[in-house]
Structure formats: C-alpha cells, structure tokens
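[1] have a look at this prediction, sequence included:
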Amino acid sequence: MMLDVKDLRFDYRSENVLKDISFHVHPKEILAIMGPNGVGKTTLLRCINAIIKPKSGVVMVKGQDLSTLSLKEVAKKIGYVAQYSESSRLTAFDAILLGRMPHMKWGISAQDLSIVNAVIKQLNLQKLTLRYIDEMSGGERQKVSIARAIVQEPEILLLDEPTSSLDLKNQIEILKLLQTVIKEHTVSAIITMHDINMALRYADRFVFLKHGKMSACCDRTSITKDLISDIYGVAVSIYDHNGYPVVVPE
C-alpha cells in the first residue's frame, strides 16, 4: 500500500472530531474523502500531513510511521495543497520553486531548477511562469499550487477542496490535471470534495465520513442511493451516464 491510516482519532479540546478512522490508498489512486460540512475532512488531511497531531492512531507511508519523522522528512513524502492558495507578490516560477525547499541543502541546485522547469512544461504552465500570483485567477493559482506540491517529489498528494470556488471549466481542468499527475508521477492522491458527481467521475475510491466516523470506504460500483441519503440526509436517485453514476436529489 502507498498509505495506511489505522485507528486515527483526533479530539479538539473535549470534543471528539475524528474517531477510529482506518483506510488505505493504493499506488496511482485518487481517493476522495466525502461528507457534509464540519464532519472533519480537512482535519483528517491535516492529521495525515502531521500539521496537527492525532490523539491516537498511526499514519504510514510505504510502511513508515510518519510520527517518527521530522516535518522536513514528512514534506518529502507528502505534498499538501490547501483549500485556499495565498495571493502573494511572487512569480509562479518562484512559488513553484518553494516546493523544493525540503530537498535543498546549501541553496538552489541545478537539479532543483531542472525539476521545476520539467513540471512547468508538463503542466503547460509556461505562460504563467513570470506572472505574479496576485495577478492570477483562482484556477491559475490552484494549478501553481499543485505544481509546487509536485516538485516536492512526494509519494502522496493531499488536496483540500481543490475545485472550491472554481467554475465548471476550471474544475474539470484541475481534476484532469490531477489524473495526469497521478499517472505520470507514480504518486497517489487524497482529495476532499463536496461535489459528489465530480468526485464520482474523477476519483477511484471514496471514504464517507459522518459525525466524525467512517461510514463507508468503497469504489463507485458500491455507491448506492441509501448510502448517499444516509450521509447527506437527502433523498436521492442514482442514474448511469456513460458508465458513471450521477446523483440527483429527489
């Protein structure tokens, strides 16, 4: 397995936010974490990435317990794309280059520059290279954030609501881009999403959270209207469209 999460629990003050969360991620797989607002999706990503410390449980990447590693070592294994990318007075090239920091020793090397240029070319970001982040659209900033995570050369990508606040065209571009990255870089991805139909189209497997607990972990063939109705509290029907399930509220 690429990543294993075992019996993860997180408490905030006296409140239990996550309880007994266990799942795994296969190589070259996109796993979507789904559920209503406030159910703990972002908290789960932050626990996986060692941004916050769980009360109990283990997160392992290729059999290595992340709690035994420094934050710099974790950054070599996990790339994190936050829900909202900061608008800063950096060029896209410099922002992407920051992703190489976990690998830098005495400064920027020729290898660092080569990796950044290769990712920029692969993701077709050449036109953005010298533009400032604070002059970009939301979709452009998100692509730069993904590129910055890729140049870390991680084994796992974590993306918190990568299509949030984007129009339909940019949502599709970001998710197709993610599929390309997974295919060509031998990494896996965990994403949080609210758009059920987008997730069903672009993710391979799904973890559904409800009240801080994991209600299901399955692929799209096991998605039922009873499952969706139970998670979101809305009666739905599910139809097939070109081989993909489409959820429609009743």
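    Everything's here; your move.
[2] the chain: strands as residue ranges?
    In the chain, the strands defined using DSSP state E lie at 3-12, 15-25, 30-34, 56-61, 64-65, 78-81, 156-160, 188-192, 205-210, 213-219, 236-241, 244-249.
[3] any chance of the ones you listed in CSV, plus distance to residue 140, mean neighbour count and mean pLDDT?
    Every residue, glycine included, has its C-beta placed from N, CA and C. Output for those, formatted as CSV (distance: least, CB to CB, whole Å; neighbours: other CB atoms under 10 Å; pLDDT from 0 to 100):
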stretch, distance to residue 140, mean neighbour count, mean pLDDT
strand 3-12, 29, 17, 93
strand 15-25, 28, 18, 92
strand 30-34, 22, 25, 96
strand 56-61, 30, 18, 92
strand 64-65, 35, 12, 90
strand 78-81, 14, 24, 93
strand 156-160, 16, 24, 95
strand 188-192, 19, 26, 96
strand 205-210, 28, 21, 96
strand 213-219, 32, 15, 93
strand 236-241, 30, 12, 94
strand 244-249, 28, 14, 93
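[4] can I get those in TSV with distance to residue 182?
    Formatted as TSV, the strands of the chain follow (distance: least, CB to CB, whole Å):
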stretch	distance to residue 182
strand 3-12	13
strand 15-25	11
strand 30-34	6
strand 56-61	16
strand 64-65	21
strand 78-81	12
strand 156-160	8
strand 188-192	6
strand 205-210	13
strand 213-219	16
strand 236-241	23
strand 244-249	18
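[5] I'd say residue 41 and residue 209 touch.
    Yes - using CB atoms under 8 Å, residue 41 is in contact with residue 209, at 6.4 Å.
[6] residue contacts, the residue positioned nearest the centre of the chain?
    The residue lying closest to the centre of the chain (CA atoms, centre = their mean) is residue 159, at 2.2 Å. When contacts are counted by CB atoms under 8 Å, 6 or more residues apart in numbering, residue 159 touches 81, 146, 178, 189, 190, 191, 192.
[7] quick check: closest non-adjacent residue to the third one.
    If I follow you right, that is residue 178. Nearest non-adjacent residue to residue 178, counting by CB to CB, 6 or more residues apart in numbering: residue 189, 6.0 Å away.
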